[in-house]
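Q: please work out how this folds:
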Amino acid sequence: MQSIQLAIWVVAGLVAVALIFDFMNGFHDAANSIATVVSTGVLKPQQAVAFAAAFNVIAYFVFHLKVAATVGRGTIDPNIVDHYVIFGALVGAIGWNVITWIYGIPSSSSHALIGGLVGAALAKSGWGSLNMDGLLKTVAFIFISPLLGFVLGSFFMLAVSWMYFRTPPSKVDRRFRRLQLVSAGLYSLGHGGNDAQKTIGIIWMLLIATGIASASADAPPLWVIGGCYLSMGLGTLFGGWRIVRTMGQKITKLKPVGGFCAESGGAITLFTASWLGIPVSTTHTITGAIVGVGATQKLSAVRWGVAGNIVWAWILTIPASAVLSAAAWWFGHHFL
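A: So this is what the prediction gives:
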């Protein structure tokens, strides 16, 4: 009886840690949804985070759980998952998020979580525990999602420039201040639809491993889905201003028309990835779109040094979070 109660408390504790990660995901990645709309002056920071938080939660009613299924079943062998693996993965992901937040680096919470799973699985069972097909898709989209964001952001900016070539700048600015609310809402919707599902997948994996949920179930319990979306929404509500400054000001200067084009390109990329069930980085996506918009003006409009630092963070995220999670798995296995 005591062992059963202990197991329940362990699972409850890990679910709480997972929801904390989801909160931090929203907190850390708030910049993805609101940086452009804040930097262009369309919304004040407090208004923007409330706006983004609402659409992150609304995503619950829009997207299927394909991304959650990929994380829960398509990254590592479900048979090796136990509470130590989940503990290591979450600690590694949270640790890397904290480090990058302190330095204002817009890294990927999504890939930190994937790296956490990889590191914990390797520490426990070696290379054979990895699902290479799922991981290769995720790694491929480290490059595909910002490239697609870049292409779409550039395309929209060029198309709008051609359509409004003879329109007075003041009229263009007024029109796109209103339209940017639409594009920011769509991007926040895509952010919630892709990012919250990753934590859903982690909790689902834990519940299956402990026998609380059935492996044959088509979806996790409703409380898992609702809890993850609400946690992300609350995290977004508290925002992450260090990263907002990097994303919205330091890469390139944006006007409302540029913000609209970047968010629209990013939103299409996120909707496509969620439909395919591929966990992508919202950070990578919007960064690529912002750079694409800036590059259509002139190459010198983009601060390539800042963009280069961000790319290094992308490259380091999975291995760094994997190292942290492997250390956390070892600590948990030996001392908890």
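Q: name the helix or strand for the residue nearest to residue 232 when sequence neighbours are not counted, please.
A: Leaving aside its sequence neighbours, residue 232 sits nearest to residue 26 (CB to CB, 6 or more residues apart in numbering; 4.0 Å). C-beta: built from backbone N, CA, C; applies to glycine. Assigned by DSSP states H and E, residue 26 falls within helix 2-39.
Q: in the chain, where is pLDDT below threshold?
A: Applying pLDDT under 70 to the chain picks out residues 1-4, 6, 29-33, 106, 239-253, 298-310.
Q: tell me the helix or strand right after the longest helix seen in the chain.
A: Across the chain, the longest stretch assigned as helix under DSSP state H is helix 169-209. Going down the chain from helix 169-209, the next helix or strand is helix 222-238, by DSSP H and E.
Q: and that next one, what does it pack onto?
A: Applying 3 or more CB pairs under 8 Å, 6 or more residues apart in numbering; DSSP states H and E, one finds that helix 222-238 contacts helix 2-39, helix 45-58, helix 169-209.
Q: need the winner for burial among those.
A: helix 169-209 (a mean of 23; mean count of other CB atoms under 10 Å).
Q: could you tell me the angle between that helix and helix 45-58?
A: Using axes from the mean of the first three to the mean of the last three CA atoms, to 10 degrees, the direction of helix 169-209 lies 50 degrees away from that of helix 45-58.
Q: report all helices and strands that helix 169-209 contacts.
A: With 3+ CB pairs under 8 Å, 6+ apart as the test, helix 169-209 has helix 2-39, helix 45-58, helix 66-73, helix 83-102, helix 109-125, helix 222-238, helix 256-276, helix 282-297 packed against it.
Q: as JSON lines, the ones you listed with distance to residue 197 would be great.
A: Listed next are the helices and strands packed on helix 169-209 as JSON lines, based on distance: least, CB to CB, whole Å:
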{"stretch": "helix 2-39", "distance to residue 197": "10"}
{"stretch": "helix 45-58", "distance to residue 197": "12"}
{"stretch": "helix 66-73", "distance to residue 197": "4"}
{"stretch": "helix 83-102", "distance to residue 197": "15"}
{"stretch": "helix 109-125", "distance to residue 197": "10"}
{"stretch": "helix 222-238", "distance to residue 197": "8"}
{"stretch": "helix 256-276", "distance to residue 197": "8"}
{"stretch": "helix 282-297", "distance to residue 197": "12"}
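Q: nearest to residue 209, out of these?
A: Of all the helices and strands packed on helix 169-209, helix 83-102 sits nearest to residue 209, with 7.6 Å by CB to CB.
Q: tell me the angle of that closest one relative to helix 2-39?
A: Put simply, helix 83-102 runs at 20 degrees to helix 2-39, going by the same axes, to 10 degrees.
Q: so for helix 83-102, what gets flagged as buried?
A: 83-97, 99-101 (16 or more other CB atoms under 10 Å).
Q: next one: it to chain centre, how far?
A: How far helix 83-102 lies from its chain's middle: 14 Å, per CA atoms, centre = their mean, to the nearest Å.
Q: is it true that the residue nearest to residue 232 touches residue 57?
A: No. Look at residue 26 against residue 57 with CB atoms under 8 Å: they stay out of range, at 9.9 Å.
Q: which neighbours do those two share?
A: Counting by CB atoms under 8 Å, 6 or more residues apart in numbering, the common neighbours of residue 26 and residue 57 are 232-233.
Q: returning to what we had before: contacts only, for the residue nearest to residue 232.
A: 53, 56, 195, 231-238.
Q: now do 7 Å
A: Shown in contact with residue 26 (CB atoms under 7 Å, 6 or more residues apart in numbering): 56, 232-236.
Q: then residue 193?
A: 59, 62-63, 270, 274.
Q: could you do residue 151 as well?
A: Residue 151 neighbours (CB under 7 Å, 6+ apart): residue 292.
Q: and it, how close does it get to residue 143?
A: Distance, residue 151 to residue 143, using CB to CB, to the nearest Å: 12 Å.
Q: same deal with residue 311?
A: The gap separating residue 311 from residue 143 is 10 Å, by CB to CB.
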